[in-house]
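[1] A structural model of the following input is requested.
(2 chains)
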Amino acid sequence: MALDAGTIRWLEELAGLELAAAERELLARDLARIVAFVDRLGTGDLPAAAAVRNWGPAEIRRRADEPGPSLPAETSLAATADRAESCFRIPPVPGGEEAERG
Amino acid sequence: MAELHRLSLREAARLLRARKVTPAELDGELRSAIARHDPALRAYVRLSDPADEPPAGGPPPKQPLWGLGGALKANICARGLPTDCASRILAGWQPPYDATAVTRLRAAGAHWLGLTNMDEFGMGSSCEHSAYGPTRNPWDPARTPGGSSGGAAAAVAADLAFFALGSDTGGSIRQPAHCCGVVGLKPTYGRVSRYGLVAFASSLDQIGPLAKDVADCALVYSVLAGCDPRDATSLDASPGDPLAAVERPAAGLRVGVPRDALAEGVHPDVVADFESTLEELQEAGARIVEVTLPSLSRAIAAYYVVATAEAAANLARYDGVRYGPRAAGRDYRETVTATRTAGFGLEVKRRILLGTYVLSAGYRDAYYLQAERVRGLVAEDFARAFSACDAVALPTAPAAAFPLGERLADPLQMYLSDVFTVPASLAGLPALTLPTGLDRDGLPLSLQLVGPALAEETLFTLAGAVERARNFRARKEAAWRTRR
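    Numbering: from 1, shown residues only, chains lettered A, B, ... in the order given. Sure thing, here's the model as predicted:
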């Protein structure tokens, strides 16, 4: 897939972004160069033969999860732009509950 | 007595313990220096209120950092300070808890002078991708301080903090340390808790210290390191005695040099400084051995795939619901898109799109899995090298600090600034940068030492030997005396 404006639009959709036309043109050009550079990952003799290997200190992988209490709701909600009682309030979701009721 | 803010961390600590100065006097001196010099540098984006963040009081206890003021990168959570990662999308966000690193340093007696500038969410190598505008390099205000912890490095270099905490994903502590002539350590992945560090690329991110000299760096690291049940990737391993390690002789240690990595694109001043530093390490009793790191040439490409893929996932949480301001939209999707479009800067958008691309259907195998394979090979290269040496020496960057604006229009060129720092990040290894000399324009140059996992003590021993031989502090004082 070429990194043309259409591809950038598709990536914007996936990433929850909407670029201005000039920004889209600029990023399409930049990303095409960057992707051409990272394409070197697929060159030469290594990739087909190499397996995905562990890379970090071995001790990390032996750790079990240690669940702890989460933050109180009041604390978590302190920074939200909108809330309803002890919940985050989000804008209407198309096709969601309100739309069904409507 | 020398100007108090110009003292090293340990020199200031000695004066405090001897009761020749009080924490309040020291704090006042630092804040006064910040007021005089920071408007031109812009290392800080927010100063703490001394009433909320007072220096320690009472008689001097045994806490190692008692009464000493540090600077905190704006992506490390500290209650009372708005941790906005230099991004509009987190404008005004107040973290409801302290990062474990912050807690540990507070418990050791330190306090925070303020938050330092950075590339937005850690994405950059020049501190220019910040919602606050760029920080300037204290050695030459027309140049960048490096990034992404550029504000932290500039604050320490300009004597506006006794130490700073930064974060390093692909070189974000080491490259600014190089640009600003200070010491910076990226610890082994898992050595320092990431709890409270705003995530950029979770398998790479590490918090680490920036300091005026090697022993100061060792002192802050000794407080930072330790197991944290709040971070599932935290290691249960003793850091040993890093301060004692600085004083140990380097005799007998083997330093591996991958000369093929220096073949192209490295400034001759960097090569000359690197070679003369190695000669001095040899005179200190270390043995220089040749090693090869064949996968190094692919490391940058692998890094920018892995890091952007993780960033695209991590930054998906910024949807205008849980944090920061929310832009208006008719429905949920429109609101999320409007919030993210207005909130993220251009470089963050570029990396989110790249990360989304390399993870998208049909491309994941070609890019992401391929990059993970290269990551494994980089780790194997280092493991092979460490069978013949105790640490690998590399430059930190191909050249000294570059002019502001020079690479903004060429992101690929900016990414290549990280060519020598990303390999240790991909392999999760500890790496330390210390200043070693000056280039022809009088800008700092440095050496980077990479060790096996958990071998920070070895790095401190070698760095201590280099520092004693090079005496960078005297060079800096001589260079800066003519500028004042």
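[2] residue with max distance from the center of chain B?
    B:Arg330 (41.5 Å; Cα atoms, centre = their mean).
[3] now the strands: where do they sit in the stretch 301-450 of chain B?
    B:391-394, B:431-438, B:444-450 (DSSP state E, counting those that start in this stretch).
[4] In PDB, please show the C-alpha coordinates belonging to the shortest one.
    Going back to what we said before, that points to strand B:391-394. This file holds the C-alpha atoms of strand B:391-394, laid out as PDB (Å, rounded to 0.1, in the frame of the first residue of the first chain):
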ATOM      1  CA  ALA B 391      30.700  -3.000  29.000                       C
ATOM      2  CA  VAL B 392      30.400  -1.700  25.500                       C
ATOM      3  CA  ALA B 393      31.500   1.900  24.700                       C
ATOM      4  CA  LEU B 394      29.800   3.900  22.100                       C
END
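[5] Mind listing the strands that strand pairs with, and their directions?
    strand B:254-257 (parallel), strand B:444-450 (antiparallel) (DSSP bridges).
[6] Need the winner for burial among these.
    Greatest average neighbour count among the strands paired with strand B:391-394 goes to strand B:444-450 (a mean of 27), per mean count of other Cβ atoms under 10 Å in any protein chain shown. Backbone N, C-alpha and C define where each C-beta goes, glycine included.
[7] re earlier: can you redo the strands of the stretch 301-450 of chain B as a markdown table with mean pLDDT and distance to A:Arg24?
    Shown next, in a markdown table, are the strands of the stretch 301-450 of chain B (pLDDT from 0 to 100; distance: least, Cβ to Cβ, whole Å):
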| stretch | mean pLDDT | distance to A:Arg24 |
| --- | --- | --- |
| strand B:391-394 | 98 | 38 |
| strand B:431-438 | 98 | 37 |
| strand B:444-450 | 98 | 38 |
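[8] least trustworthy helix or strand in chain B by mean pLDDT?
    helix B:411-415 (a mean of 91; mean pLDDT, DSSP states H and E).
[9] If you could redo that for chain A, that was the one I meant.
    Lowest on mean pLDDT, DSSP H and E among the helices and strands of chain A sits helix A:97-101, with a mean of 50.
[10] ok and the residue in the stretch 1-150 of chain B nearest chain A?
    B:Pro96 (4.5 Å; Cβ to the nearest Cβ).
[11] give me every residue that touches that residue.
    A:Leu71, A:Thr75, A:Ser76, A:Ala78, A:Ala79, B:Arg79 (Cβ atoms under 8 Å, 6 or more residues apart in numbering or on different chains).
[12] 10 Å - rerun?
    When the contact criterion is Cβ atoms under 10 Å, 6 or more residues apart in numbering or on different chains, the partners of B:Pro96 are A:Leu71, A:Pro72, A:Glu74, A:Thr75, A:Ser76, A:Leu77, A:Ala78, A:Ala79, B:Cys77, B:Arg79.
[13] By pLDDT, give me the weakest of these.
    Lowest pLDDT within the contacts of B:Pro96 is found at A:Ala79 (83).
[14] Number of residues surrounding that residue?
    Here the number of neighbours of A:Ala79 (other Cβ atoms under 10 Å in any protein chain shown) works out to 16.
[15] Distance-wise, check it relative to chain B.
    Distance from A:Ala79 to chain B, counting by Cβ to the nearest Cβ, to the nearest Å: 5 Å.
[16] Tell me which residues touch that residue, please.
    B:Leu90, B:Gly92, B:Trp93, B:Gln94, B:Pro95, B:Pro96, B:Arg322, B:Tyr323, B:Gly324.
[17] let's go with 6 Å and repeat that
    By Cβ atoms under 6 Å, 6 or more residues apart in numbering or on different chains, A:Ala79 lies in contact with B:Trp93, B:Tyr323.
[18] hmm, back to that, would you quantify the distance from the residue of the stretch 1-150 of chain B closest to chain A to A:Pro72?
    Counting by Cβ to Cβ, to the nearest Å, the gap from B:Pro96 to A:Pro72 is 9 Å.
[19] Let's check: the centremost residue of the chain is which one?
    Just so you know, I chose chain A. Centroid-nearest residue in chain A: A:Ala15, 6.2 Å away (criterion: Cα atoms, centre = their mean).
[20] Switch to chain B, please.
    B:Ile173 (1.4 Å).
[21] what about the residue lying closest to B:Pro239 once chain neighbours are set aside, how many residues close to it?
    Spatial nearest neighbour of B:Pro239, chain neighbours left out: B:Ala225 (3.9 Å); criterion: Cβ to Cβ, 6 or more residues apart in numbering or on different chains. Neighbourhood size, B:Ala225 [other Cβ under 10 Å]: 25.
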